[in-house]
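Engineer: structure, please.
(one chain, ligands or ions: 1)
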Amino acid sequence: MGIIYDETGRVFKLDTPHTSYMMGIADEEGFLGHIYYGKRISSCDVSYLLRIQEPPFVPSKNNGDRISFLDAFPMEYPTHGIGDFREAALRIRTQGGHKACALTYVSHRIYEGKKKLPGLPASFAGEGECETLEIVCRDKSLGLEAVLSYSVFEDSDVTARHVEIRNQGGEKLWLEKVSSMSLDMDNRDFEALTLHGSWARECHRQTGRLGNGFRGIASRRGMSGHQDHPFMALVTEHTTQERGEVYGVQLMYSGSYEILADVSQHNTVRWQAGLESQDFCWELNPGESFCAPEALLIYSDRGLDGMTADFHDFIREHVIRGKYKNRKRPVLINNWEATYFDFNTEKLLSIAKEAAGLGIEMLVMDDGWFGHRSRADSSLGDWYVNEEKLPGGLPRLVEEVNRLGLKFGIWFEPEMISPESELYRKHPDWAIAVPGRTPSMAREQLVLDFSRPEVVEGIWEQMEAVLKSANIEYVKWDMNRPLCDLGSAALPPQRQGELLHRYMLGVYELQERLVTRFPDILLENCASGGGRYDAGMLYYSPQIWCSDDTDAIERLAIQEGTAMLYPLSTMGAHVSDCPNHTIGRTTPFETRGYVALAGTFGYELDVTRIPETDREQIPGQIALYHKYNDLVREGDYYRISSAAQSCGCDCWQVVSKDKKESMVTVIQVLCAPGNRTRILHLKGLDPEKRYRIDGEDTLIKGDSLMYAGLPVPAMKGDFAGKVMHLVAENDKTK
Ligand code: GLA
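Structural biologist: Next up is the predicted model:
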């Protein structure tokens, strides 16, 4: 790790263990240009990549052709309106209605550590683990400054970037677009890889070649969304899991965003990630500043496996906080698919009693415990216990559950309001809406205006009272509809464009309060499954419910996509009943268990009513969870094969950091997968170590298992699966 500034060449160089990132100050005018990002190089001698000697010309030498220069120069943080006609990272509007802005270098500083971002999630590091470069660029006529920050970490190839915009001029102006990062590179026939999906079909991998023009993804929903993760990778042609070059970016943000690649006439690619700009407009008065969310950048020359490994380690070390950061999570049973809204204390206790006997460790009471909620059409916002369902309230229920030996968890949907609620009757203006227009409903609910501090405060008071009333050890924070009909009763007309971002700041504020005030509570985020699964949310909750689709086979692709970016320790995965409630398929209980073991693990069923043959398997599944969870949470994850691509065989592997132990899961989606023993090429093992598989006598060397492969005979039955345990010789501790 290291950041240097070479004064002679006026070049910045940021090194991570395996990558270098370089920028340079071009000519006397001082435009900041991007020079290089990629595999680590040892010197600063590549500033020729700025190409300022070749036509089009340097503006200070040939002001007659300034536009050619600006439209070809690799700008580090491009602006709008001065002759760079490609996509701008920053777009502003002055009181006079003008948009031109030119940023040039003013100063920089390099310091140890990394600042927190005001009100926003951000990566962090311990002392001596991280270094930051801040470059101040300025538009002289507006007095507008952009402070570009870059942090590099001792133990990671991720570079964290963010931008702060300061109005140092004498007049107010409006920010119409603020990207968190922009990167200009020569196009090398890049393909864009994204994670596309929908409700109950999250995170499917999608790849397409960049052509001239735009390719991008965005969320305009006020949440990062089921449709596309705030992530894009640019990969060289024929990139695979193991080979190829990968540039990846994740935005640490949970609201509306946009990520795009713009290929120019000169075959350069401009790559950007930041806040969605269509609904955004931020008034910036003199003396004020605006901080854009953080972007996490990675370069890997080891294919997708390299990107995944770096993101996993980085999120585990530098994003996730709190008591459960490095801890095993309790095996939970959630009553949603067991009872939906139809439950009472008696029913919950019958589930808890049965669950306790089987080794389950926590009961989570889902939607339906508050106000008068017996259907989806009422009571969101009325966060007090429905004593008709739960006589004696939470204290009695939780005491009884604890007496049975289980912890207790509870569901909230804090950002929502039902028109049929006491809260709405009292504060109709707390809902997001446009005056004079009936807002669109979704799931019979409206969204609370979390841009208003009094709304956040009002919900917090109610939540705090509930959480203080009993021994609650887990919260599931749900969010079940996107934002539209954007209007805040508290914002003046010229500030309505701030609503979406201010809303997110309100959400983050409330989550921060929750984790600070109740540090022992395990928080799990959820948004109709994986509708808000992003690195921003992981700063508050160490786990996220990955999908409402709990079908073991549908989950293979969903979990494969999710695990491409986020550690397995974050991935909410449960065993549910069959036929599956979302898609109607029946899969073996055993297979459902193997698939859920790849995540946080738990149950989502009525354990008093499932077939005896299934129930009998639960203690065995929980034993597997305890056996493997350290490995799953802390180990290196590898994708071995994907059901979609390899004749119906899905296989993933986790290897302990010391390479002494590994877990291999195989799920066979087709009944007749070629009718032969399949050879699976394992990864990440120590080539010199000899591994014993599932306690068998035979030992196989790591290099054989990786290069020659592990034989896995075809399994009998629909959707059969298995988990194999590899332990290195002489390691008898496991
Ligand atoms: C969402 C969640 C589910 C469940 C329901 C309750 O759909 O994803 O897990 O909590 O809400 O309404």
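Engineer: which stretches in this protein count as helices?
Structural biologist: Here the chain has its helices, by DSSP state H, at 66-70, 303-318, 336-339, 345-358, 393-403, 422-426, 453-469, 499-517, 535-538, 554-565, 589-596, 612-615, 618-634, 702-703.
Engineer: tell me which of these sits most buried.
Structural biologist: Among these, helix 535-538 has the highest mean neighbour count (mean count of other C-beta atoms under 10 Å), at a mean of 28. Using the backbone N, CA and C atoms, a C-beta is placed for each residue, glycine as well.
Engineer: state the pLDDT value of whatever residue of the chain ends up closest to the ligand.
Structural biologist: Going by C-beta to the nearest ligand atom, the ligand is nearest to Asp367 of the chain, at 3.5 Å. Per-residue pLDDT puts Asp367 at 98.
Engineer: contacting residues around Leu120?
Structural biologist: Met252, Tyr253, Cys291, Pro293, Glu294, Leu505, Tyr508, Gly536 (C-beta atoms under 8 Å, 6 or more residues apart in numbering).
Engineer: now Gly30
Structural biologist: Taking C-beta under 8 Å, 6+ apart, we find Gly30 in contact with Thr104, Tyr105, Val106.
Engineer: which of those residues are buried? Put it as a ChimeraX command.
Structural biologist: A single ChimeraX command selects the buried members of these (16 or more other C-beta atoms under 10 Å):
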select :104,105
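Engineer: among the contacts of Gly30, name the ones in strands.
Structural biologist: Thr104, Tyr105, Val106 (DSSP state E).
Engineer: would you turn these into CSV with pLDDT and distance to His725?
Structural biologist: As requested, the ones in strands among the contacts of Gly30 are arranged in CSV below (pLDDT from 0 to 100; distance: C-beta to C-beta, whole Å):
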residue, pLDDT, distance to His725
Thr104, 98, 59
Tyr105, 98, 56
Val106, 98, 58
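Engineer: using JSON lines, lay out these together with distance to the ligand.
Structural biologist: Shown next, in JSON lines, are the ones in strands among the contacts of Gly30 (distance: C-beta to the nearest ligand atom, whole Å):
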{"residue": "Thr104", "distance to the ligand": "49"}
{"residue": "Tyr105", "distance to the ligand": "48"}
{"residue": "Val106", "distance to the ligand": "48"}
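Engineer: and those as TSV, adding distance to Glu176?
Structural biologist: Shown next, in TSV, are the ones in strands among the contacts of Gly30 (distance: C-beta to C-beta, whole Å):
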residue	distance to Glu176
Thr104	21
Tyr105	23
Val106	23
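Engineer: near the ligand, which residues of the stretch 51-200 of the chain are found?
Structural biologist: By C-beta under 6 Å from any ligand atom, no part of the stretch 51-200 of the chain sits against the ligand.
Engineer: any stretches of the stretch 51-200 of the chain with poor pLDDT?
Structural biologist: By pLDDT under 70, the low-scoring segments of the stretch 51-200 of the chain are 55-56.
Engineer: what about the closest residue to the residue of the chain closest to the ligand other than its chain neighbours, how many neighbours?
Structural biologist: Counting by C-beta to C-beta, 6 or more residues apart in numbering, Trp411 is the residue found nearest to Asp367 once chain neighbours are left out, at 5.4 Å. Applying other C-beta atoms under 10 Å, we find 21 residues neighbouring Trp411.
Engineer: contact partners for Trp411?
Structural biologist: With contact set as C-beta under 8 Å, 6+ apart, Trp411 has these partners: Trp336, Val364, Met365, Asp366, Asp367, Trp369, Val475, Lys476, Asp478.
Engineer: now the two most distant members of those.
Structural biologist: Largest separation among the contacts of Trp411 by C-beta to C-beta: Trp336 and Val475, giving 14.6 Å.
Engineer: got the phi/psi numbers for the nearest residue to Pro711 once chain neighbours are set aside?
Structural biologist: In this structure, Pro711 finds its nearest non-sequential neighbour in Thr677, 4.9 Å apart by C-beta to C-beta, 6+ apart. The phi and psi values for Thr677, taken as degrees, to the nearest 10, are phi -60, psi 130.
Engineer: which helix or strand in this structure has the lowest average pLDDT?
Structural biologist: Across the helices and strands of the chain, the lowest-confidence element by mean pLDDT, DSSP states H and E is helix 66-70, at a mean of 89.
Engineer: show me how far it is from its chain's centre.
Structural biologist: 38 Å (C-alpha atoms, centre = their mean, to the nearest Å).
Engineer: same question for stretch 85-100.
Structural biologist: 30 Å.
Engineer: center of this structure - which residue?
Structural biologist: Asp534 (1.8 Å; C-alpha atoms, centre = their mean).
Engineer: I figured that residue hits Tyr253, correct?
Structural biologist: Yes: contact criterion C-beta atoms under 8 Å: Asp534 and Tyr253 qualify, at 6.7 Å.
Engineer: quick check: neighbours shared by the two?
Structural biologist: With contacts taken as C-beta under 8 Å, 6+ apart, Asp534 and Tyr253 have Ser224, Pro230 as neighbours in common.
Engineer: tell me the pLDDT at Pro673?
Structural biologist: 61.
Engineer: let me fix that, I meant to ask about Glu388.
Structural biologist: On pLDDT, Glu388 comes in at 97.
Engineer: what's opposite Asn215 in the beta bridge?
Structural biologist: No, residue 215 isn't Asn; it's Arg. Ala261 (DSSP bridges).
Engineer: try the one 4 residues further on
Structural biologist: On the basis of DSSP bridges, Ser219 takes part in beta bridges with Tyr257.
Engineer: you'd agree it is up against Phe231?
Structural biologist: No: applying C-beta under 8 Å as the test, Ser219 and Phe231 come out as separate, 11.6 Å apart.
Engineer: before we move on, back to that, ok, the residue of the chain closest to the ligand - how many residues close by?
Structural biologist: Here the number of neighbours of Asp367 (other C-beta under 10 Å) works out to 19.
Engineer: hmm, it is touching Glu337, no?
Structural biologist: No: look at Asp367 against Glu337 with C-beta under 8 Å: they stay out of range, at 11.3 Å.
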